[in-house]
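Engineer: for reference, the sequence and a predicted model appear below.
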Amino acid sequence: MQDYKNTYEESLSNNDAFWLEKAQQRLTWMRPPSVALQGGFKDLDFTWFADGQLNASVQCLDRHLAAQGEKTAIIWAKDEPGEYEHISYNDLHARVCRMANLLQSQGVERGDRVCLYLPMVPELAVAMLACARIGAIHSIVFAGFSAAALRDRIVDAQCALVITADEGLRGGKRVPLKEITDAAVEQCPCVETVLVVKRSGAKVAMKPGRDRWIAPLLSAAPARFEPVCMNAEDPLFILYTSGSTGQPKGVQHSTAGYMLYAGFTHEMVFDLRPDDVYFCAADIGWVTGHTYIIYGPLANGATTVMFESTPLYPNASRYWQVVEDLKVSSFYTAPTAIRAIACEGDAPVLAHDRSSLRVLGTVGEPISPEVWQWYHDCVGEGRCSVVDTWWQTETGGILISPLPGVTPTKAGSATLPLFGIEPLLVDDEGMELPGEASGNLCLARSWPGQARTIYGDHERFAKTYFGRFPGRYFTGDGCRRDADGYYWITGRVDDVINVSGHRLGTAEVEAILIAHPGVAEAAVVGCPHAIKGTGIYVYIQCADGFGDELEKALCACVRKAIGGIAVPDTIQRVPGLPKTRSGKIMRRILRQVAQGNYTDLGDVSTLADPSVVSAIIAGHAGQK
Ligand code: WTA
């Protein structure tokens, strides 16, 4: 622990030297950098290693071939239990080169955006790395999003090429990805080509001149492709995520800083060893999959598992069956999955040999001390390290986490910052809160993995993350620091909610609801949910003449506009929303009532019509 403290102090006091040395050691450069950080949080012009040149796919592939070309890079765990496919570094390199040649032959060039709307199949990893090899920017859209959500993301990034599959297979169910893509692309004039992976073999419509099956094109493409020499700061990818206002934003990451941070944190937080089999059960459609299924593990030459299924298919033993089958050493998932499994008791866990496990990680939402303890005692047999890792799409990688075997843990705390990371807590006025305190979690300085901008909208980037507390990156999270300096993330303090570990803006859902003629006004807040962590609680003021069917219709609208993850758990009709005299909805009250907290509603004297509150409380109690 003293070593951690010394290195941590050193990483802050000699920040540039610390990161420059790491960059020179850990990345394979075409031209090594001579500088670390330039610019900063004042002008929001920060760059890392800006004069260096490299290619991200080289970090993940080429440099491993000589020493360990036959080592397994990816184990694809298919939807059906017991079905695995091993892909060596040599194989992966060849497949990525073929894909890069194919993309180039379809007109994809350096800087172009490519949309990947794929299930958890190897082609997704291959396409990511092929984009990186060409210098194209991938924009992965989670395959649970609807056609409308896909369309918005394709149009925002102006993608000319989309890669999808005939169908996705997940938990024994089929997801009609090609059909959804067709509906989206119809409204995307920018799209010229759709490449289709055959996964289920279902019959799908292929539009001549636009759609092509990918397999024959790949086998005809050459298995060599020279990686393009990219600048350190060239974008590697865009990933859309929800904020408190408006449409999801395209968070843009850099090549060198991101790659360095992904590999460095993956090795450190999972205490990576040469023969490890590392299993992150996230979907690559989210940032956890980008950094800790693909870029981090492959940069480290590790063996990484790509899991196509769900934690409950065919039963609650599934993860542990994979652990036993593949002798997994590190396992990484979200608290929502742990809660879903814990519900079924210990037996499904105990049914499988977990002696290979060493590190157990969680990410995406706060984990309660009880669930943490169950993960530690039951899954980890009390002998594995549990790492509660806090980070965000925008941070590129983990910022606050224990280091296995080093940091003494406390159930429910993400513990301490990683090297080079300087968290601070501020009050609502931006005053720094030292020592033991609760406040808004900010970061005082940049780190290499930090997102550089929002695609096409640097002003929005500035406003979203640096507007509220100038000179500091504001995370949107509330947090407590205890007497030992440990951080306890308490959840979002803005209008973003974490539903099953997936980020959702309440404003996005509200916009869909009020578009329905049956809804005069709507407000969406989070509410406690046993499995999802946070559920979606909707208050609507109904227009006249809409009967019982309205709620169902609204759920269908949300499913269509965003996807299944955004469908409300509860819809409560109210006679009016609690508003201040200036017309602002008092969400605090709505949040409290949704939690079942009817007393202690704080100052309600500014309400235009206090009587709506008692009606809302009565209605909430009636829901139970
Ligand atoms: C939440 C996921 C508590 C937090 C990597 C953050 C967490 C948001 C934790 C980012 C954790 C993530 N404990 N809360 N260990 N990890 N969060 O962008 O609210 O999908 O702001 O990135 O998830 O979600 P995102």
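Structural biologist: That came through, no problem.
Engineer: so which bits of the stretch 451-600 of the chain are right by the ligand?
Structural biologist: Contact residues (C-beta under 6 Å from any ligand atom) of the stretch 451-600 of the chain with the ligand: 475-477, 489, 491-492, 498, 503. In short, each C-beta sits where N, CA and C put it, glycine included.
Engineer: now for those: which two are most distant?
Structural biologist: 489 and 503 (13.8 Å; C-beta to C-beta).
Engineer: what touches both of those two?
Structural biologist: Here residue 489 and residue 503 have no joint contacts, going by C-beta atoms under 8 Å, 6 or more residues apart in numbering.
Engineer: just grab the bridge partners of the residue of the stretch 101-250 of the chain found nearest the ligand for me.
Structural biologist: Proximity to the ligand, evaluated over the stretch 101-250 of the chain using C-beta to the nearest ligand atom, is greatest for residue 241 at 5.2 Å. Counting by DSSP bridges, residue 241 forms beta bridges with residue 249.
Engineer: so where do the helices sit in the stretch 351-500 of the chain?
Structural biologist: Using DSSP state H, counting those that start in this stretch, the helices assigned to the stretch 351-500 of the chain run over residues 369-374, 458-466.
Engineer: wondering if the first one reaches the ligand at all.
Structural biologist: No: with C-beta under 6 Å from any ligand atom as the measure, helix 369-374 is seen stopping short of the ligand, the closest distance being 10.4 Å.
Engineer: which SSE is the closest residue to residue 48 other than its chain neighbours in?
Structural biologist: Leaving aside its sequence neighbours, residue 48 sits nearest to residue 257 (C-beta to C-beta, 6 or more residues apart in numbering; 3.8 Å). Taking DSSP states H and E as the definition, residue 257 sits inside helix 256-269.
Engineer: let's see that helix as PDB, backbone CA atoms only.
Structural biologist: Presented in PDB, the C-alpha positions along helix 256-269 are these (Å, rounded to 0.1, in the frame of the first residue of the first chain):
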ATOM      1  CA  ALA A 256      -2.600   7.200 -28.500                       C
ATOM      2  CA  GLY A 257      -4.000   8.500 -25.200                       C
ATOM      3  CA  TYR A 258      -6.900   6.100 -25.200                       C
ATOM      4  CA  MET A 259      -4.900   3.000 -26.200                       C
ATOM      5  CA  LEU A 260      -2.300   3.800 -23.500                       C
ATOM      6  CA  TYR A 261      -4.900   4.200 -20.900                       C
ATOM      7  CA  ALA A 262      -6.900   1.100 -21.900                       C
ATOM      8  CA  GLY A 263      -3.900  -1.200 -21.800                       C
ATOM      9  CA  PHE A 264      -2.400   0.300 -18.700                       C
ATOM     10  CA  THR A 265      -5.600   0.200 -16.600                       C
ATOM     11  CA  HIS A 266      -6.600  -3.200 -17.800                       C
ATOM     12  CA  GLU A 267      -3.200  -4.700 -16.700                       C
ATOM     13  CA  MET A 268      -3.200  -3.000 -13.400                       C
ATOM     14  CA  VAL A 269      -6.800  -3.300 -12.200                       C
END
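Engineer: which elements pack onto the helix or strand following it?
Structural biologist: Beyond helix 256-269 on the C-terminal side, the first helix or strand identified by DSSP H and E is strand 277-280. Packing partners of strand 277-280 (3 or more C-beta pairs under 8 Å, 6 or more residues apart in numbering; DSSP states H and E): strand 303-307, helix 318-326, strand 330-333.
Engineer: any chance of TSV for these, columns distance to residue 140?
Structural biologist: Below are the helices and strands packed on strand 277-280 laid out as TSV (distance: least, C-beta to C-beta, whole Å):
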stretch	distance to residue 140
strand 303-307	13
helix 318-326	23
strand 330-333	18
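Engineer: of all these, which one comes closest to the ligand?
Structural biologist: Closest among the helices and strands packed on strand 277-280, using C-beta to the nearest ligand atom: strand 330-333, at 10.7 Å.
Engineer: just the CA atoms of the next helix-or-strand element following the closest one, as CSV, please.
Structural biologist: Downstream of strand 330-333, the next assigned helix or strand under DSSP H and E is helix 335-342. Provided in CSV are the C-alpha atoms of helix 335-342 (Å, rounded to 0.1, in the frame of the first residue of the first chain):
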residue,chain,number,x,y,z
PRO,A,335,-24.0,-5.1,-10.4
THR,A,336,-27.4,-5.5,-12.2
ALA,A,337,-26.2,-8.9,-13.5
ILE,A,338,-24.9,-9.9,-10.1
ARG,A,339,-28.3,-9.0,-8.5
ALA,A,340,-30.2,-11.0,-11.1
ILE,A,341,-28.0,-14.0,-10.4
ALA,A,342,-28.0,-13.6,-6.6
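Engineer: what residues sit buried inside the helix or strand following helix 335-342?
Structural biologist: Remark: after helix 335-342, the chain's next helix or strand is helix 347-350, criterion DSSP H and E. By 16 or more other C-beta atoms under 10 Å, the buried positions in helix 347-350 come out as 348-349.
Engineer: chain center to helix 347-350, what's the gap?
Structural biologist: 28 Å (C-alpha atoms, centre = their mean, to the nearest Å).
Engineer: contacts for it next, please.
Structural biologist: Here helix 347-350 has contacts from 315-317, 320, 341, 378-379, using C-beta under 8 Å, 6+ apart.
Engineer: one more time with 6 Å, if that's ok
Structural biologist: 316-317, 320, 378-379 (C-beta atoms under 6 Å, 6 or more residues apart in numbering).
Engineer: again, but for stretch 510-527
Structural biologist: 497, 506, 509, 534-535, 537-541, 543, 546, 550, 554, 557-558, 561, 577, 585, 590-591, 594-595.
Engineer: and that stretch, what's buried?
Structural biologist: Those would be 510-513, 516, 518-519, 521-527, for stretch 510-527 by 16+ other C-beta under 10 Å.
Engineer: take those and keep only those in strands.
Structural biologist: 519, 521-527 (DSSP state E).
Engineer: list just the nearest of those to residue 7.
Structural biologist: Of those, the one sitting nearest to residue 7 (C-beta to C-beta) turns out to be residue 526, at 37.6 Å.
Engineer: ok, what's across the strand from the closest one?
Structural biologist: residue 536.
Engineer: give me the residues contacting stretch 573-587.
Structural biologist: 521, 523, 539-542, 589, 606-608, 612-613, 615-616, 619.
Engineer: same question, stretch 499-508
Structural biologist: With contacts defined as C-beta under 6 Å, 6+ apart, stretch 499-508 is touched by 241-245, 334, 336, 364-365, 495-497, 524, 532, 534, 565-566.
Engineer: now stretch 401-412
Structural biologist: 4, 269, 271, 359, 369, 372-373, 385, 387, 389, 414-416, 486.
Engineer: residue numbers of the stretch 251-400 of the chain in contact with the ligand?
Structural biologist: 286-288, 363-366, 388-393.
Engineer: nearest to the ligand: which residue in the stretch 251-400 of the chain?
Structural biologist: residue 393 (3.4 Å).
Engineer: surely that residue and residue 287 touch.
Structural biologist: Yes: if you go by C-beta atoms under 6 Å, residue 393 and residue 287 touch, sitting 4.2 Å apart.
Engineer: against the ligand, how distant is residue 574?
Structural biologist: According to C-beta to the nearest ligand atom, to the nearest Å, residue 574 stands 28 Å off from the ligand.
Engineer: next one: residue 448
Structural biologist: Distance, residue 448 to the ligand, using C-beta to the nearest ligand atom: 17 Å.
Engineer: that residue and residue 257 touch, don't they?
Structural biologist: Yes: Residue 448 is within contact range of residue 257, at 3.4 Å (criterion: C-beta under 6 Å).
Engineer: neighbour count: these two, which is higher?
Structural biologist: Neighbours were counted for residue 448 and for residue 257 using other C-beta atoms under 10 Å; residue 257 has more, 31 against 26.
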